[in-house]
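Visitor: structure, please.
(chains A and B)
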Amino acid sequence: MEPKVLLKMKNIHKSFPGVHALKSVDFELRAGEVHAILGENGAGKSTLIKVLGGIYTPDEGEIYIEGKKVEIKDVVTAQKCGIAIIHQELVLVPYMTVGENIFLGREPMKGKFVDRKKLHEEAQKLLDAYGMDIDARTMVGKLTIAKQQMVEIIKAISCQSKILVMDEPTSSISDKEVSFLFNTMRTLTAKGVGIIYISHKMSELDEICDRVTVMRDGSYIATEVVKETTKDRLISMMVGRDLKNYYTRDYANQGEVILKCENISDNHMVKGASFELRKGEILGFAGLVGAGRSELMKCIFGLTKNYTGDIYLDGKKVNIKSPTEAMRHGIALVPEDRKHEGLYLIQSVKFNTTIEVLKEFIKFIHVNKNKEEEITQRYIDMMATKTPSTKQLVGKLSGGNQQKIMIGRWLATSPKILILDEPTRGVDVGAKSEIYAIINKLAKEGMSIILISSELPEIINMSDRVYVMRDGKVMGCLGHEEVTQEKIMKLAAR
Amino acid sequence: MDQVSRKKKSFISNLKDSFIQWIKENIGIIIALIILCLFLSLNPVTKHSFLTLKNVFNVLRQISSNLFLACGMTMVIILGGIDLSVGSVIALSGCIAAGAVSRYGLPLGVAIILGLIVGLVVGMFNGFVISKTTIPAFIVTLATMNIAKGLAYVYTGGSPVRVVTKEWQFLGAGYIGIVPTPVVILIIVLIITSFIMNRTKTGRYIYAVGGNAQAARFSGINVAKVKFFVHAYSGLMAGLAGVVLASRMYSGQPTAGEGAEMDAIAAVVVGGTSMSGGFGKIGGTIIGGLIIGVLNNGLNLLNVNSFWQYVVKGVVILLAVFIDYFKNRKA
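Guide: Numbering: from 1, shown residues only, chains lettered A, B, ... in the order given. Down below sits the predicted model:
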């Protein structure tokens, strides 16, 4: 028997001034399936979701829910149609309890007052039914991101939602939490809920998704059954051309040790980590979320003041107490969270590119604007960043281009050691591939690169050697000829 | 072409570029200012009094104090903070400078420097606490606002400190050529402030810290130092405003500068600086200050009841901000 079709979107068009964001997009979701939407940034995924969620009204096209034609005019109609969207940025109220959040706006009443007792009992029942180890009376702000996500899911279920949209739910949670999330998703689909799943991580498709729809430049490209397609096929559909070399890596003879760290601790997340970095190599750092990789790098970059342990640069012991000193020693750190730790979103490409090298063109009150422009252009070219001009506000660029601006800024400091913390997070496949090629080129030119990543294929395909961390310690080192996902996980997992 | 003349030419074309950019960025409030001026120069009641050299200088003299404060305030607000203490600092520094002359007979120069130092010290204190802790600037400067005001009352016993020395008035009420002294000082201060903000590393760092303090830390910017500098500068500007005002009023008054911080904030915000930090220009603040100054002057010339003046001022501030809001929303 053909499974029931929950949602059908037909011939959806949506234009904004200057952009045709959706061009005749079709989409279908069946009961009990997880249906992934793939596409590069700007492909139209989020616009499609916003049409579904009632945030945008389509210019043209029809939407059918369980065969009935509906018009989703606003968010409330969407909710009435049984559509729930779990956004990348969670929208819970941190200073309310889990139960209060779940029933926000539909609290059980006792006369004129909210029946808090009943509210929390009902919430707890729901949480228990899905095997979630969460107390309905805890403040949401005290929960981990993963648990907050679970609360959002329960909230959606309690609204009798049949169509659940999840926008990159695994981008900020650990592997263990991911597997719990996937289990919960399976429980839901078993009950006939349809899930639309948006993710940049190709590796998750096999694990959780049944079908996948690919979008490109606002157009519908194809829908495939995950088991019957290949990753390469999907990527070429997304990018619109064959990406022959997704990863670019020329392994070279390694130089002498340039950086040596011994027994680094920060009295918190890092507990006695040691490693060596050679000239011209790409050194991978793998591990679960919370293994202390980023924190270790923050010590080396002088962002953590009270660390212990020894750092040797070119065999000489150094004492790095601030980012300025680290930069003077030729170290650069491209942070993992580009919105909060990296970019000045309301400032121009020029401002963002040159903020660390102002001394090259500002002398007291004289600004050499030509030099400033030249430096900016040099790194736009080097990173192949797509921007209309050097005056463009960085906040208006796509994730991939923002990342390139940030890497370019750090390259402008002419580092000898470049630390990249999750350099491809939230970056589309095309830009990812370009970033890999750039990293490879830099290493070939003699720069030493430390690559922290949660995407194992990235680590495995790019690194000369891979250090695996767990609980703030370095558990082992794997050469590029021997490294596999299994070997890494064996070292990384508790 | 020889080197010097080429340099000169590029300087002039640079200046032209910045001027055109300044007009573009502030077109909304510039139009508002022009409409206001046109209204006052065409209105039968004010057309003979508004556009006279005397009145124009009078307006500029009056807005100078507000714009001194607004120079510091622009930086503070771009940093994402606020400085509520400046109004009280006007009173304190004015009283101390006036007292130095009339009570202790110190030379004028020393008295002026003393007044400036008072402002600087309050600003440095603000900056120290704000940069070393995570206490919001609002709270810290609210406290120093009260402390400075209290000290001014304690020092004077609540009554004005009169200065009879004739030269004392030069700073606030005197002229250099035909231009009032405070206007000359204002132009110098505006040039210095705009140079700091647009042409120095410190200026860029202010925008960086205000736009994203965490990112600034990762960029190796000394965030604490930037915050300290900005608040110290704001204090110094308040000290300057206090001394100039005390000179204009022939006395240091403990009630001077009441609510002056609000006028300064209004000038900054009308000038298009974002209260959430990271964005704004001193060029906008100048227009903002002019609008508020011309408005005050116009309402007086029109003989509007002073109670109603507050209402009109509030409405105009709202209007100016609305224009900006709709302009940005379209963009």
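
Visitor: in the stretch 201-331 of chain B, which spans are strands?
Guide: Counting by DSSP state E, counting those that start in this stretch, the stretch 201-331 of chain B has these strands, from start to end: B:251-252.

Visitor: one more: the stretch 51-200 of chain A?
Guide: A:60-65, A:68-70, A:83-86, A:109-110, A:113-114, A:163-167, A:194-198.

Visitor: just send these back as CSV, with distance to residue A:17 and mean neighbour count too.
Guide: Every residue, glycine included, has its C-beta placed from N, CA and C. Formatted as CSV, the strands of the stretch 51-200 of chain A follow (distance: least, CB to CB, whole Å; neighbours: other CB atoms under 10 Å in any protein chain shown):
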stretch, distance to residue A:17, mean neighbour count
strand A:60-65, 17, 16
strand A:68-70, 27, 11
strand A:83-86, 25, 23
strand A:109-110, 45, 12
strand A:113-114, 44, 11
strand A:163-167, 25, 22
strand A:194-198, 25, 23
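
Visitor: so for residue A:339, which of the ones you listed sits nearest?
Guide: The minimum distance between residue A:339 and the strands of the stretch 51-200 of chain A falls on strand A:163-167, with 15.7 Å, by CB to CB.

Visitor: by contact count, what packs against the closest one?
Guide: Contacts defined by 3 or more CB pairs under 8 Å, 6 or more residues apart in numbering or on different chains; DSSP states H and E place strand A:163-167 against helix A:45-52, strand A:83-86, strand A:194-198.

Visitor: can you pull out the helices in chain B?
Guide: For chain B, the helices defined by DSSP state H occupy B:3-25, B:27-42, B:53-78, B:86-102, B:108-132, B:137-156, B:170-173, B:181-199, B:201-211, B:213-218, B:223-248, B:260-270, B:282-301, B:306-330.

Visitor: which bits of chain B sit near chain A?
Guide: B:14, B:195, B:198-201, B:204, B:207-208, B:211-212, B:214-215, B:217-222, B:274, B:278-279 (CB under 8 Å from any CB of the partner chain).

Visitor: could you list the low-pLDDT ranges of the chain?
Guide: Let's take chain A. Within chain A, the stretches with pLDDT under 70 are A:1-2, A:18, A:241-244, A:494.

Visitor: chain B is the one I meant
Guide: Across chain B, residues meeting the criterion (pLDDT under 70) sit at B:1-9, B:324, B:327-331.

Visitor: ok, which of the helices and strands packed on strand A:163-167 comes nearest residue B:248?
Guide: helix A:45-52 (58.2 Å).

Visitor: and the contacts of that closest one?
Guide: When contacts are defined by CB atoms under 8 Å, 6 or more residues apart in numbering or on different chains, helix A:45-52 is touched by residues A:7, A:9, A:12, A:14, A:21-22, A:25, A:27, A:37, A:39, A:56-58, A:63, A:72, A:78, A:83, A:85, A:163, A:165, A:167, A:196, A:198, A:215, A:218.

Visitor: what's the angle from that helix to strand A:60-65?
Guide: 70 degrees (axes from the mean of the first three to the mean of the last three CA atoms, to 10 degrees).

Visitor: and helix A:45-52 with strand A:194-198, angle?
Guide: Using the same axes, to 10 degrees, helix A:45-52 lies at 150 degrees relative to strand A:194-198.

Visitor: using PDB, write out every CA atom in helix A:45-52.
Guide: Written as PDB, here are the backbone C-alpha positions of helix A:45-52 (Å, rounded to 0.1, in the frame of the first residue of the first chain):
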ATOM      1  CA  LYS A  45      15.500  25.700   1.600                       C
ATOM      2  CA  SER A  46      14.800  28.200   4.300                       C
ATOM      3  CA  THR A  47      12.400  30.200   2.100                       C
ATOM      4  CA  LEU A  48      10.500  27.000   1.400                       C
ATOM      5  CA  ILE A  49      10.300  26.300   5.100                       C
ATOM      6  CA  LYS A  50       9.100  29.800   5.800                       C
ATOM      7  CA  VAL A  51       6.400  29.400   3.200                       C
ATOM      8  CA  LEU A  52       5.300  26.200   5.000                       C
END
